[in-house]
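**Student:** Quick one, structure for this:
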Amino acid sequence: MNGRKNVSMAVGFVLAVSLIAASLTAVLCWRYYSRVQFRMLGEVCREILQQQPEAEGAVAAALRTCSTQVQNSETGPRTEPDESAQTKFGQSAICSGEDFLMAYGYQEGDFLWAGRGGQVPGMMGFLAGAALFLVTLQAGRRREAACIQSLTEYLENVNTGGKGLLVPEEDAFSGLQDEIYKTVTALYQTRDAALRTRDNFAENLSNIAHQIKTPITSLSLSVQMLKDHPSPAHLEQISQQLSRLTRLEEALLLLSRIEAGTLPLAAEQVDVFTLLTLAGDNLQELFRKAQISLHILEAGEIAIKADLEWTMEAVMNLMKNCLEHTPPGGRVSCAYEQNPLYTQIRIWDSGSGFSREDLPRLFERFYRGAGSGGIGIGLSLAKEIIQRQNGTISARNLAEGGACFEIHMYSH
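**Tutor:** This is a model prediction of the structure:
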């Protein structure tokens, strides 16, 4: 529909301009033809009198008769020739044809059969074209006013909280409509992102408060029992809870640095076997106490581009998760390999694997699955560290039993 309106307006303008141009051309041609005819007639008469001066009376009579017929056919005011000018034929032998006839009092319109009325159709065509142009112009202005009103109503609706839908039209305002729609869409997305951030912030505060509440409560009970019945066990419990609070503090600070983009991550060549060995060495005491063995399958020298310290921190979190869900006497294994696209690191255990409910939420912050005794940040930290180094991390259950983490570190 909008395309048809635009075509109609374009056709209207073209017709109006064409009609005006044709009318002006017709008037100018009529004027030119009248002048040429008047000049040629004068030249003929002057030439005749130069050859035959005695024919002066006959030429004057012929001119008067012709002029009378033209004027009678147009029913206009009759122009009488200057009788006293008849003696000028001889004196006008050297005049131009136009001046020759004007010396007798004749004008251009006296000998043009189209007459002065020939200008009327041209003027009527000009007026019709001008009227068509004005009507088309007015219609265009009404469309512009309607479009501006539509944009105004759309923005007012947006300002009052409504969404609405702006349908771009193919006209002079289509570019403006498109930019307004893009801007409003971006504002909606920004608002939605701000709302999600607010909700996440509230949820994180609630989770942090819950994480702090448990050790603080335990500390309070241990201190009270220590006052009543001092014992090394109570001191050990207090030490454990303080360690838990310390780990929570460090994890939260690390997450805040990652989200703020202030955590420096070096990009250096790191040997994968060295990375896994160092991570296992740092957890050697935990593995010994849990009576679980750690096996790292060597596959030659394979390097990745990463930050050794922080990537080792991510790997340690994955190893600790496997350690927590493996019964005594079990085993945690690590392997790695490389293909043209990425380097794969696998860490798996001989436990019971992940529950179906836990798998989709394993890497959510503060999420603690069934049987987990951690604070729910380790896997989330590991994911953030790996992703910020052009990598991905995923979890699945093995067909033969046990949980498995897979890290893909991409080459480019």
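
**Student:** so Phe363, which of the three states?
**Tutor:** Here Phe363 is coil, with the state taken from DSSP: H, G, I helix; E, B strand; the rest coil.

**Student:** Can we start the residue count at 299 from this point?
**Tutor:** With 299 as the first residue, the last one maps to Phe661.

**Student:** these two touch, right, it and Lys681?
**Tutor:** Yes - Phe661 lies in contact with Lys681 (C-beta atoms under 8 Å); the separation is 4.5 Å. Heads up, the C-betas are built off the backbone N, CA and C, glycines and all.

**Student:** where along the stretch 449-598 of the chain do the helices fall?
**Tutor:** For the stretch 449-598 of the chain, applying DSSP state H, counting those that start in this stretch gives helices covering 472-526, 530-558, 570-580, 582-588.

**Student:** Let me have those in TSV, extended by mean neighbour count and distance to Gly340.
**Tutor:** As requested, these are arranged in TSV below (neighbours: other C-beta atoms under 10 Å; distance: least, C-beta to C-beta, whole Å):
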stretch	mean neighbour count	distance to Gly340
helix 472-526	13	61
helix 530-558	14	98
helix 570-580	19	110
helix 582-588	13	124
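
**Student:** circling back: what touches both of Phe661 and Lys681?
**Tutor:** Here Phe661 and Lys681 share the contacting residues Ile691, scored by C-beta atoms under 8 Å, 6 or more residues apart in numbering.

**Student:** among the helices of the stretch 449-598 of the chain, which is nearest Asn637?
**Tutor:** Distance to Asn637, taken as C-beta to C-beta, is lowest for helix 570-580 among these, at 13.4 Å.

**Student:** Would you mind putting the CA coordinates of that closest one into CSV?
**Tutor:** Only the C-alpha atoms of helix 570-580 are listed here, as CSV (Å, rounded to 0.1, in the frame of the first residue of the first chain):
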residue,chain,number,x,y,z
VAL,A,570,49.7,-29.7,29.2
PHE,A,571,51.4,-32.5,31.0
THR,A,572,53.3,-30.0,33.2
LEU,A,573,50.0,-28.2,33.9
LEU,A,574,48.3,-31.4,35.1
THR,A,575,51.3,-32.5,37.1
LEU,A,576,51.5,-29.2,39.0
ALA,A,577,47.8,-29.2,39.7
GLY,A,578,48.0,-32.8,41.0
ASP,A,579,51.0,-32.0,43.2
ASN,A,580,49.1,-29.2,44.9
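
**Student:** Show me where the stretch 549-698 of the chain dips below the pLDDT cut-off.
**Tutor:** Within the stretch 549-698 of the chain, the stretches with pLDDT under 70 are 664, 666-674.

**Student:** Closest to the centroid, which residue in this structure?
**Tutor:** Central residue of the chain (C-alpha atoms, centre = their mean): Lys480, 5.7 Å from the mean position.

**Student:** Which of the helices or strands spans Gln642?
**Tutor:** Here Gln642 sits within strand 640-647, counting by DSSP states H and E.

**Student:** quick one: the residue nearest to the centre of the chain from Leu677, how far?
**Tutor:** Going from Lys480 to Leu677 by C-beta to C-beta, to the nearest Å gives 38 Å.

**Student:** With Thr544 instead?
**Tutor:** Separation of Thr544 from Leu677 (C-beta to C-beta): 19 Å.

**Student:** Do a quick rundown of the helices in the stretch 299-448 of the chain.
**Tutor:** Taking DSSP H, counting those that start in this stretch, the helices of the stretch 299-448 of the chain run over residues 300-349, 354-372, 395-400, 417-457.

**Student:** average pLDDT for the last one?
**Tutor:** The one in question is helix 417-457. Averaged over helix 417-457, pLDDT sits at 71.

**Student:** How far does it sit from its chain's centre?
**Tutor:** Offset of helix 417-457 from its chain centre (C-alpha atoms, centre = their mean, to the nearest Å): 30 Å.

**Student:** mind checking how far stretch 551-562 is from the chain centre?
**Tutor:** 31 Å.

**Student:** and what of stretch 632-651?
**Tutor:** Its chain's average C-alpha position is 41 Å from that of stretch 632-651, according to C-alpha atoms, centre = their mean.

**Student:** how long is it end to end?
**Tutor:** End-to-end span of stretch 632-651 (C-alpha to C-alpha, to the nearest Å): 16 Å.

**Student:** In that stretch, which residues are buried?
**Tutor:** Neighbour-count burial for stretch 632-651 flags 632-634, 636, 640-649, 651 (criterion: 16 or more other C-beta atoms under 10 Å).

**Student:** Any regions of the stretch 299-448 of the chain where pLDDT drops low?
**Tutor:** 299-311, 314, 324-325, 328, 365-396, 398, 401-403, 405-421, 423-424, 427.

**Student:** Just read off the phi/psi values of Asn637.
**Tutor:** With angles defined as degrees, to the nearest 10, Asn637 sits at phi -130, psi 180.

**Student:** Would you mind measuring from it to Ser709?
**Tutor:** 9 Å.

**Student:** sec struct for Met707, please.
**Tutor:** strand.

**Student:** repeat for Phe703
**Tutor:** Secondary structure assignment for Phe703 (three-state DSSP): strand.

**Student:** pretty sure it is touching Ile691, no?
**Tutor:** Yes - if you go by C-beta under 8 Å, Phe703 and Ile691 touch, sitting 6.7 Å apart.

**Student:** So the two - more neighbours on which side?
**Tutor:** The neighbour count for Phe703 versus Ile691, taken as other C-beta atoms under 10 Å, is higher for Phe703 (24 against 21).

**Student:** In the sheet, which residues pair with that one? Tell me.
**Tutor:** Taking DSSP bridges as the rule, Phe703 bridges to Ile645, Ala693.

**Student:** list the contacts for it?
**Tutor:** By C-beta under 8 Å, 6+ apart, the neighbours of Phe703 are 616, 619-620, 644-646, 691-693.

**Student:** Can you lay out those residues as CSV showing distance to Pro562?
**Tutor:** Shown next, in CSV, are the contacts of Phe703 (distance: C-beta to C-beta, whole Å):
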residue, distance to Pro562
Leu616, 22
Asn619, 26
Cys620, 28
Arg644, 28
Ile645, 25
Trp646, 31
Ile691, 21
Ser692, 26
Ala693, 28
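
**Student:** Closest to Ala604 out of those residues?
**Tutor:** Proximity of the contacts of Phe703 to Ala604 was ranked by C-beta to C-beta; the top entry is Ile691 with 12.8 Å.
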